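Novice: Predicted model and sequence follow; I will ask about them next.
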Amino acid sequence: MNWADTIIQGILLGGLYALFAAGLSLVFGIMRLVNLAHGDLIVLAAFLILLLVTALGLNPFVATIVALPIMFGIGWALQYLVLNRTLGDDILPPLLVTFGLSVVIQNGLLEGFSADSRRISAGSLETASIQVGPFSIGTMPLLTFLSAVAVIVALNAVFYRTSLGRAFRATSDDRVTAGLMGIRSERIFATATGIAMMVVTIASLYLGTRANFDPTQGPARLIYAFEAVIIGGLGSFWGTLAGGIIMGVAQTLGAAINPEWQILAGHIAFLLVLLVRPRGLFPRAVD
Amino acid sequence: MALLETRGLMAFYGDFQALFGVDVALDEGETVAVIGANGAGKSTLLRSISGLLRNAPEHIRYEDKDIGALAAPDVVRLGIAMVPEGRKLFPSLSVEENLMIGKYGRSGSGVWNLDAIYDLFPVLKERRKSPGTALSGGQQQMVAIGRALMSNPRVLLCDEISLGLAPVIVKDIYAAFPRIRATGASIVIIEQDIGQALKVADRFYCMMEGRVTLTAKPGAVSREDIHAAYFGAHKP
């Protein structure tokens, strides 16, 4: 077994988990809302891309670009019409509603697409690889990782360099005073969820081209995403990327030792980080 | 015709009634002080005008429109900006970002921009990269005032600017008001400490237990009359 190779594969897999997690991190950072349907929304986006690929014959990357504004709209409407009504001092309503939403999406997908496992074909890219020194690196895993880094850079730029980002942070700090500045928090929240759904769409492209998926896979993606966010520290996008990488490396190392240990190794890494750094590796602020 | 006025304003916190038919008016270019003891309803009055508390539409008139029922973000867009009690800077934002967020809803046409604010409060320019909450209380108050000015408001509402600040700092901050007035803004100042407020105001209202008990020009009434209206003490 080649350890260096295994670790590289783990880091690249971590990019996928960071993509799962970045949207969750954004939404939690701004409105303290844990969206339990996040994983199912990833699977929903994967089916949307699959639909565009099969029905319109689009290339998966083009289909993703078409899906981005659609998913933004779904996220915006979901937040504005449904989730905003659940936000308040009590943390239970958003958990219950998003849990219910998770069940609805799963069963809706089962009705619409059946329980068959599906796959988005990326053609010859799937098997292509690049030789870097002694290592052979898959083109798709590399693209996944580079996309994750690009998404994190873009989210940071929006969050810290734009007027919208200032409004995100101000609303997160103090919703009432933000209102005095002319910030309509309901729309800010809707925009945040819309952006999170765009990240979800990018994640779903790589989920769907990497392996088979079916309507019941959402909750497991949610758990990986959630663990990556917590490992990284709440509110830090680079922390989320680090969290994803730690999850990815732990899982590939676990799988290299014994295939049965793949999932377990990721959860153990999560628990170890929590044991040593209960607030994650890079917590942004005292919450 | 007043720029902003309340007509028989009633305000409630649940079943508790805080204002019992308050009539105040603010003319274009005027500075009005509202004074009163703790619990007199001053802050409730400002919270009602700024949209933090929703009221009956016709109870608050601005530019000939009923605005009593509008939410805070809509009120700012009309040109009424508020310096909230306790300053309420955003801890995640730097001083400069706190100022910039002031023009999120409305940038208005007027003289106020970052440079003008730094000119008004030069110390803020030196600290512009610091987190807003790392500043002293007086500097934070300057940021809060600058943040409200960034929207180039027609009406500036100031809630308890002197609260928790040393008298010398309060004096510094009030020294900025003539320059703010000179840009044409109309100002409402709420204070418990009547000294500074009456110095800059053209007119004042005194409130007690949710009602206006006295309105006059500073200097036109005796200290005893103000005391009576402020504390409800009876004249001998």
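Specialist: Thanks, I have the structure now. All values reported here derive from a predicted model rather than from experimental measurement. Numbers count the residues shown, from 1 in each chain, chains lettered A, B, ... in the order given.

Novice: Which residues of chain B lie near chain A?
Specialist: When proximity is defined as CB under 8 Å from any CB of the partner chain, chain B approaches chain A at B:50-52, B:71-73, B:76-77, B:81-82, B:84, B:88, B:90-93, B:97, B:100-102, B:104-106, B:147, B:151. Using the backbone N, CA and C atoms, a C-beta is placed for each residue, glycine as well.

Novice: Which ones among those residues map onto strands?
Specialist: B:81-82 (DSSP state E).

Novice: What helix or strand is the residue of chain A found nearest chain B located in?
Specialist: Nearest residue of chain A to chain B (CB to the nearest CB) works out as A:Gly182 at 1.3 Å. Assignment of secondary structure by DSSP states H and E places A:Gly182 within no helix or strand.

Novice: residues in contact with the nearest residue to it once chain neighbours are set aside?
Specialist: Nearest non-adjacent residue to A:Gly182, counting by CB to CB, 6 or more residues apart in numbering or on different chains: B:Gly105, 1.3 Å away. With contacts defined as CB atoms under 8 Å, 6 or more residues apart in numbering or on different chains, B:Gly105 is in contact with A:181-183, B:73, B:76-77, B:151.

Novice: Need the mean per-residue confidence for stretch B:226-236.
Specialist: In this model, stretch B:226-236 has an average pLDDT of 74.

Novice: what's the answer for stretch B:88-95, then?
Specialist: Per-residue scores along stretch B:88-95 average to 94.

Novice: State the number of residues packed around the residue of chain A closest to chain B.
Specialist: Neighbour count for A:Gly182, taken as other CB atoms under 10 Å in any protein chain shown: 23.

Novice: Quick check: phi and psi at it.
Specialist: phi 90, psi 10 (degrees, to the nearest 10).

Novice: wait, it sits on B:Tyr104?
Specialist: Yes. A:Gly182 is within contact range of B:Tyr104, at 5.1 Å (criterion: CB atoms under 8 Å).

Novice: Please list all residues in contact with the residue nearest to B:Val155 when sequence neighbours are not counted.
Specialist: Closest residue to B:Val155 apart from its sequence neighbours, by CB to CB, 6+ apart: B:Ile80 at 4.5 Å. Going by CB under 8 Å, 6+ apart, B:Ile80 touches B:4, B:49-50, B:62, B:153-155, B:157.

Novice: how much space between B:Val200 and B:Ala176?
Specialist: Computed with CB to CB, to the nearest Å, the distance linking B:Val200 and B:Ala176 is 10 Å.

Novice: Count the residues that sit near A:Leu271.
Specialist: Using other CB under 10 Å, A:Leu271 is surrounded by 11 other residues.

Novice: Would you list the phi and psi of it?
Specialist: Torsion angles, degrees, to the nearest 10, at A:Leu271: phi -70, psi -40.

Novice: Checking B:Lys129 next. Helix, strand or coil?
Specialist: coil (DSSP: H, G, I helix; E, B strand; the rest coil).

Novice: shouldn't it be in contact with B:Val95?
Specialist: Yes. The criterion here is CB under 8 Å, and B:Lys129 meets it with B:Val95 at 7.2 Å.

Novice: Which one's more surrounded, those two?
Specialist: B:Val95 (29 against 9).

Novice: that older thread, which ones among the contacts of B:Ile80 are found in strands?
Specialist: Using DSSP E, B:4, B:62, B:155, B:157 are the members of the contacts of B:Ile80 that sit in strands.

Novice: In contact with residue 172, which residues?
Specialist: Defaulting to chain A. Counting by CB under 8 Å, 6+ apart, A:Ser172 makes contact with A:29-31, B:92.

Novice: Sorry, I should have been clearer: chain B.
Specialist: Contacts of B:Asp172 by CB under 8 Å, 6+ apart are B:Gly138.

Novice: cool, and A:Met140?
Specialist: Shown in contact with A:Met140 (CB under 8 Å, 6+ apart): A:122, A:125-126, A:128, A:206, A:209-210.

Novice: which pair in these spans the largest distance?
Specialist: Greatest spatial distance among these (CB to CB): A:Ala128 and A:Tyr206, at 14.6 Å.

Novice: Mind jotting down where the helices sit in chain B?
Specialist: In chain B, the helices defined using DSSP state H lie at B:42-50, B:72-78, B:95-101, B:114-120, B:122-126, B:137-149, B:167-174, B:177-182, B:194-200, B:223-231.

Novice: Same question for chain A.
Specialist: Using DSSP H, helices in chain A cover A:3-31, A:38-56, A:60-77, A:92-113, A:139-161, A:163-173, A:175-180, A:185-210, A:218-232, A:237-257, A:262-276.

Novice: in chain B, which residue is closest to the centre?
Specialist: The centroid of chain B falls nearest to B:Cys158 when counting by CA atoms, centre = their mean (1.9 Å).

Novice: quick one: furthest residue from the center of chain A?
Specialist: A:Leu180 (32.5 Å).

Novice: I'd assumed B:Val83 was in contact with that residue.
Specialist: No. If you go by CB under 8 Å, A:Leu180 and B:Val83 don't touch, sitting 9.0 Å apart.

Novice: ok, now which ones touch the residue lying closest to B:Arg181 once chain neighbours are set aside?
Specialist: Among residues not flanking B:Arg181 along the chain, B:Thr31 sits closest, at 6.0 Å (CB to CB, 6+ apart). Contact analysis of B:Thr31 by CB under 8 Å, 6+ apart lists B:177, B:181, B:186-189, B:200-202.

Novice: Check the gap between B:Thr31 and B:Asp172 for me.
Specialist: 18 Å.

Novice: go on, A:Ile65?
Specialist: Counting by CB to CB, the gap between A:Ile65 and B:Asp172 amounts to 56 Å.

Novice: Same check on B:Leu53?
Specialist: Note on B:Leu53: its distance to B:Asp172, by CB to CB, is 31 Å.

Novice: got it, and B:Glu126?
Specialist: Distance from B:Glu126 to B:Asp172, by CB to CB: 15 Å.

Novice: cool, and A:Gly248?
Specialist: Look at A:Gly248 and B:Asp172: by CB to CB, they are 56 Å apart.

Novice: where in the stretch 1-150 of chain A is pLDDT low?
Specialist: By pLDDT under 70, the weakly predicted segments of the stretch 1-150 of chain A are A:1.

Novice: A:Ser163: what's its closest spatial neighbour, skipping adjacent residues?
Specialist: A:Ser163's closest residue in space is B:Tyr104 (CB to CB, 6+ apart), at 6.6 Å.
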